[in-house]
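> How does the following fold in three dimensions:
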Amino acid sequence: MTDHYHRGVTAGSDTVLELLPMVFAAPGEALARAEEVLGGRPPPLHASVAHQVIGIWQRDFGDMRLALTHLRRARSWAARADSAEREADVLATLGVALVHAGRTRQGMDALRRGVERGTGHTRARVLFRRAYSWWVLGHHKEALEDVRRAIPVLRQAEDVIWTARALTLRATVHLALGSVERANADFTAAEALWDTTGQEHDKADAVESRGLAAFRAGDVPAALRLLDEAEERYAKLGTPTFMLDIRRCEVLMAAGLAAEALAEADAALRALDGIGGQSTRKAELLLAAARAARLAGEPQTAIARAALAVRLFAGQRRTWWETHARLVLIGARHAAGRGSGRLVADAAAVAERLAALGAPAAPEASLLAGRIALDLGWTADAERHLAVAARSRRGGPPLARMTGWAAQALRAQAAGSARGVLEACRRGLDVLDDHRMTLGASELRARATAQGAELAALAQQASLVSGGPRRLLVWSERWRATALSTPPTRPPADPALLSGMTAYREIAARAEEARMEGKPVPALEREQRRLEREIRSRTLHMRGEVPDGGDRFDVGRLLARLGDNDDGQLVELAVLDGRVQVLLCGQGRVRRFEAGLLAAAETEAEHVQAGLRRLAHPGAQARLPVVEAAGRRLEELLLGPAAAHLGDGPVVIVPPGRLHRVPWALLPSLRERVLSVSPSASSWLRAKETAPPPGGRQVLVRGPGLATGGAEVPELAGRYGGATVLEDDDATVPRVLRELDGAGLAHIAAHGAFRADGPLFSSLRMADGPLIVHDFERLDRSPYRIILSCCDTARFATVGADELLGLVTALLPLGTAGVVACSAPVNDAAVVPLMVALHEALGTGLSLAEALRDARAGLPADAVHRATGWAFTAFGAA
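This next block holds a predicted model:
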């Protein structure tokens with residue numbers, strides 16, 4: 001991507017020289033024509049050009065060994081042609097190839113000789129390629145110096161292509177040094193020049209570069225959109241995208257998608273090895289994979305990838321890159337529990353080296369050195385390193401400021417200042433809130449919270465020690481279910497997105513039908529996955545529209561509302577150092593009780609889920625006492641002594657994300673009472689204060705393939721005289737969405753499918769295919785109350801710090817104040833009487849939680865019906 005010939009020839013002319021610019025306009029055609037030239041008896045000059053074209057193609061898109069073979073032949077033919085300018089040009093191409101092959105000394109020597117051999121315009125082109133090589137090596141000062149010398153000469157020669165490339169390179173170097181504004185100015189100037197050319201590969205490269213600039217400026221959705229656009233352009237040209245893969249990995253990590261970034265980096269490494277590609281790119285991909293593995297909680301993988309990257313960078317004499325790889329290696333070793341005095345010294349040395357290189361990552365290294373020193377109890381050393389890292393809190397992109405505030409919070413904690421910890425955590429989370437609200441997609445908003453998990457935990461620990469239960473409640477709420485605090489950006493009326501969703505629905509329906517007939521469906525499943533990737537990527541491109549993070553949580557307002565709620569109590573479960581802290585809110589106060597270990601509760605919850613699955617089938621009556629005993633153990637672990645203080649009124653449970661599968665109605669002290677669950681106290685308050693829509697339309701939906709045929713729906717249709725009933729061919733996704741929008745009450749009897757690998761593709765089966773979470777996000781206002789009478793509709797994926805993604809959590813920010821849904825497989829026949837009784841109770845003016853309590857109480861006492869009642873939960877406050 002660094003070579004074009006300087007002659008003023010156009011694509012379409014028949015000269016051999018026009019093949020050089022063609023490599024980055026139509027790569028495949030240039031390669032074929034160069035091979036055709038060599039098939040004849042070309043003169044030395046033409047043979048030199050043809051071998052150079054093949055060498056460039058192999059260097060950037062293929063096998064490095066073949067590239068070096070052809071470029072050496074090109075140099076020999078140039079010498080025979082007795083053209084110093086031709087030889088200088090080939091030496092520059094060869095030098096770049098040698099650098100990419102990891103032969104740094106030989107490569108820079110070839111570039112030096114190219115500068116000496118060339119004159120005027122040719123020398124400027126060689127200087128540009130040497131600047132590019134300096135950038136690859138991480139020598140940014142030298143890169144800027146060479147490109148500074150090249151640009152005026154290229155401009156004077158009116159060489160549009162080379163001037164644009166030089167501006168793009170200078171912008172990229174500015175980005176590496178953190179100068180986003182300078183970079184944008186150069187990218188803009190370069191793009192204006194590219195628009196006047198037919199250099200399609202270079203144009204794709206320019207779009208990719210703008211994606212990198214957007215990312216450095218903190219605009220993750222724009223970065224993802226531009227990188228996807230660049231990838232589409234490269235795909236049309238049939239060229240590999242290893243540099244783009246590296247950049248997308250960076251963006252995915254910043255978006256909280258570390259596991260995805262690791263998979264992408266590893267796939268790119270396999271592809272690169274498969275074609276014998278550039279050694280320099282391999283090292284950079286290894287570094288990206290190491291970073292991603294570290295963030296994905298795989299320290300051993302990170303150590304292996306980073307150690308190999310360090311070795312490759314060292315062999316390539318790339319100090320800038322080697323130092324960054326060492327930072328990741330030290331961080332991974334620390335994460336694997338290998339803290340030592342040597343590791344502190346290594347992190348400090350890396351921080352010093354990064355600062356000397358002018359690298360924006362220097363504060364991250366100082367923070368790491370401070371963390372390791374704190375773990376060892378070396379408070380004086382820790383203070384020195386953390387003080388340096390804390391300077392970054394005052395400016396720069398959001399994640400750099402977060403690093404600074406994390407350092408400041410750790411300094412305050414080490415100094416024993418709870419007030420200092422809370423102030424640093426507040427400021428740091430405010431920075432992250434601003435960043436989160438630029439993200440339109442609910443998935444990105446949820447995942448971005450992972451970056452604030454440490455600050456939230458530090459603040460909760462400081463509150464526990466010094467602030468009392470009320471303050472602990474405030475900080476427990478500060479970073480819980482934040483994605484629900486504001487609606488996600490409504491997907492645009494993008495024709496490509498809408499047609500993609502329609503195609504997805506049709507393919508998914510065909511695949512489901514084929515599976516039910518016992519036919520293999522690999523081709524349909526591949527197409528379904530492709531469409532899922534397309535829908536998701538378009539959704540991730542959305543920018544946030546909300547200027548702030550919503551209302552701040554107010555304990556007084558919560559207690560007042562609970563007083564209005566028949567003197568109800570709200571139980572918020574916080575987790576500190578692995579132990580459940582029960583915050584009991586009600587009767588004008590907040591009290592704290594200590595319960596059991598979270599890990600033990602999670603294990604018990606899994607046993608309960610397994611028990612409920614068995615009880616869904618007749619003949620499992622003997623399992624009932626086992627499940628009830630597990631419920632008693634769960635109560636002890638999750639509520640502890642607080643269970644004796646719940647009073648007689650309604651109870652709202654606010655569990656952490658990791659406990660979302662607990663069937664709360666199974667716990668003895670909650671079994672007979674009005675019980676609802678909410679992802680956060682703030683979410684419950686918003687639901688409580690949500691007014692029902694005028695008119696209160698009722699919508700009843702019956703999907704295909706239910707064991708009972710959705711038997712409750714005809715009965716409910718008789719109960720609600722004017723209800724809209726959608727069943728059989730009428731129950732299509734577009735029609736169902738149209739009727740649900742703004743409804744007062746919706747009841748959907750349809751097969752539910754939870755997707756742990758893609759929670760926003762969790763679905764309800766309609767006549768024309770799956771109704772997915774992405775579809776619900778298109779509603780202007782979701783139904784005020786919604787009842788989902790099918791299995792697995794109350795299952796969620798836990799992501800970020802303490803966020804949930806699934807059907808229920810998609811509905812709550814969109815205007816739904818109450819949901820009844822199911823967290824386990826249930827007996828379809830037993831669901832019918834439960835649903836009929838639930839609606840009977842709603843008809844008397846009860847809330848969903850009250851109606852569900854009464855419906856449970858009216859069921860037969862056998863194991864199947866009792867398990868069915870326990871599996872359903874009322875969420876929200878309607």
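
> which ones are touching A349?
For A349, no residue counts as a contact, taking Cβ atoms under 8 Å, 6 or more residues apart in numbering as the criterion. Yep, even glycine has a C-beta here, placed from its N, CA and C like the rest.

> From A356, how far off is it?
When distances are taken as Cβ to Cβ, to the nearest Å, A349 and A356 turn out to be 11 Å apart.

> Helix or strand next in line after whichever strand or helix holds Q58, which one?
Under the criterion DSSP states H and E, the helix or strand holding Q58 is helix 44-61. Note on helix 44-61: by DSSP H and E, the next helix or strand toward the C-terminus is helix 64-80.

> so which helix or strand takes in H201?
Short version, using DSSP H and E: H201 is in helix 200-216.

> ok, then the element right after that helix?
Downstream of helix 200-216, the next assigned helix or strand under DSSP H and E is helix 220-237.

> So what's the gap between that next one and the chain middle?
Centroid separation between helix 220-237 and its chain, computed with Cα atoms, centre = their mean, to the nearest Å, is 17 Å.

> what's the answer for stretch 292-306, then?
For stretch 292-306, the distance from its own C-alpha centre to the chain's C-alpha centre is 17 Å (Cα atoms, centre = their mean).

> And it, what's buried?
Along stretch 292-306, these residues count as buried under the neighbour rule (16 or more other Cβ atoms under 10 Å): 292-296, 298-299, 301-306.

> Look up phi and psi at R543.
phi -90, psi 150 (degrees, to the nearest 10).

> which residues does it bridge with?
R543 forms beta bridges with L439, as assigned by DSSP bridges.

> Quick check: pLDDT value at it.
Looking at R543, its pLDDT stands at 79.

> swap in N827?
88.

> ok now do it, which residues does it touch?
By Cβ under 8 Å, 6+ apart, N827 lies in contact with 616-618, 864, 867-868.

> Can you select the buried ones from those residues in ChimeraX?
A single ChimeraX command is used to select the members of the contacts of N827 judged buried by 16+ other Cβ under 10 Å:
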select :616,864,867,868
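
> In a markdown table: the contacts of N827, plus distance to R281.
Formatted as a markdown table, the entries for the contacts of N827 read as follows, by distance: Cβ to Cβ, whole Å:
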| residue | distance to R281 |
| --- | --- |
| A616 | 53 |
| H617 | 55 |
| P618 | 61 |
| V864 | 60 |
| A867 | 56 |
| T868 | 57 |
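
> So which of the contacts of N827 belong to helices?
Among the contacts of N827, DSSP state H puts 864, 867-868 in helices.

> Among the residues you listed, which one lies nearest to V819?
For V819, the nearest member of those is T868. The distance, counting by Cβ to Cβ, is 17.3 Å.

> circling back to that earlier point, the buried residues of stretch 292-306: which two are farthest apart?
Of all pairs drawn from the buried residues of stretch 292-306, the one with the largest separation by Cβ to Cβ is L295 and A304; the distance is 15.4 Å.

> Can you list the residue ranges for helices in the stretch 1-150 of the chain?
Per DSSP state H, counting those that start in this stretch, the stretch 1-150 of the chain carries helices over the ranges 19-22, 27-39, 44-61, 64-80, 84-100, 104-117, 120-137, 140-156.

> so can I have CSV of those helices showing mean pLDDT, mean neighbour count and distance to W684?
Below are the helices of the stretch 1-150 of the chain laid out as CSV (pLDDT from 0 to 100; neighbours: other Cβ atoms under 10 Å; distance: least, Cβ to Cβ, whole Å):
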stretch, mean pLDDT, mean neighbour count, distance to W684
helix 19-22, 88, 25, 64
helix 27-39, 91, 16, 58
helix 44-61, 93, 25, 56
helix 64-80, 94, 20, 60
helix 84-100, 94, 26, 57
helix 104-117, 95, 19, 61
helix 120-137, 95, 25, 53
helix 140-156, 95, 18, 52
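
> Which one of these lies nearest to A767?
Using Cβ to Cβ as the criterion, the shortest distance between A767 and the helices of the stretch 1-150 of the chain is 45.7 Å, found for helix 27-39.

> still on that earlier bit, ok and the helix holding Q58 relative to helix 200-216, angle-wise?
Here helix 44-61 points in a direction 30 degrees away from that of helix 200-216 (axes from the mean of the first three to the mean of the last three Cα atoms, to 10 degrees).

> just how off-centre is helix 44-61 within its chain?
Going by Cα atoms, centre = their mean, where helix 44-61 is centred and where its chain is centred differ by 41 Å.

> got the CA positions of it in CSV?
This file holds the C-alpha atoms of helix 44-61, laid out as CSV (Å, rounded to 0.1, in the frame of the first residue of the first chain):
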residue,chain,number,x,y,z
PRO,A,44,14.9,-4.8,-19.0
LEU,A,45,12.9,-1.7,-18.0
HIS,A,46,9.5,-3.5,-18.6
ALA,A,47,10.7,-6.7,-16.9
SER,A,48,11.8,-4.6,-13.9
VAL,A,49,8.3,-3.0,-13.7
ALA,A,50,6.4,-6.3,-14.1
HIS,A,51,8.5,-8.0,-11.4
GLN,A,52,8.0,-5.0,-9.1
VAL,A,53,4.2,-5.1,-9.6
ILE,A,54,4.1,-8.8,-8.7
GLY,A,55,6.4,-8.1,-5.8
ILE,A,56,4.1,-5.4,-4.4
TRP,A,57,1.1,-7.6,-4.9
GLN,A,58,2.7,-10.5,-3.0
ARG,A,59,4.1,-8.2,-0.3
ASP,A,60,0.7,-6.6,0.5
PHE,A,61,-1.7,-9.4,-0.4
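
> Could you list the buried residues of stretch 256-267?
So, applying 16+ other Cβ under 10 Å, buried residues of stretch 256-267: 256-258, 260-266.

> so which of those comes closest to E231?
Proximity of the buried residues of stretch 256-267 to E231 was ranked by Cβ to Cβ; the top entry is E264 with 11.3 Å.

> which secondary structure element contains the closest one?
With DSSP H and E as the test, E264 turns up in helix 258-275.

> ok, then the element right after that helix?
Per DSSP H and E, the first helix or strand lying C-terminal to helix 258-275 is helix 279-295.

> tell me the mean pLDDT for that next one?
Over the span of helix 279-295, the pLDDT mean works out to 95.

> Next secondary structure element downstream of that helix?
The element immediately downstream of helix 279-295 (helix or strand, assigned by DSSP H and E) is helix 299-315.

> and that following helix, how far out from the chain's middle?
Centre to centre, stretch against its chain (Cα atoms, centre = their mean), the figure for helix 299-315 is 24 Å.

> The helix or strand following that helix - what's its average pLDDT?
Once helix 299-315 ends, the next helix or strand along the chain (criterion: DSSP H and E) is helix 319-335. If you average the pLDDT over helix 319-335, you get 96.

> can you check stretch 864-878 too?
Stretch 864-878 shows a mean pLDDT of 93 in the predicted model.

> residues of it that come out buried?
Going by neighbour count (16+ other Cβ under 10 Å), the buried part of stretch 864-878 is 864-878.

> just for this structure, where's the confidence low?
1-14, 484, 488, 545-551, 565 (pLDDT under 70).

> Dihedrals phi and psi, the residue nearest the centre of it?
The centre of the chain sits closest to L257, judged by Cα atoms, centre = their mean, with a distance of 3.2 Å. When quoted as degrees, to the nearest 10, the phi and psi of L257 stand at phi -110, psi 50.

> which non-adjacent residue is nearest it?
R447 (6.3 Å; Cβ to Cβ, 6 or more residues apart in numbering).

> ditto for R673
Going by Cβ to Cβ, 6+ apart, R673 has V651 as its nearest residue, at 5.9 Å.

> Please consider this matter closed, and thank you.
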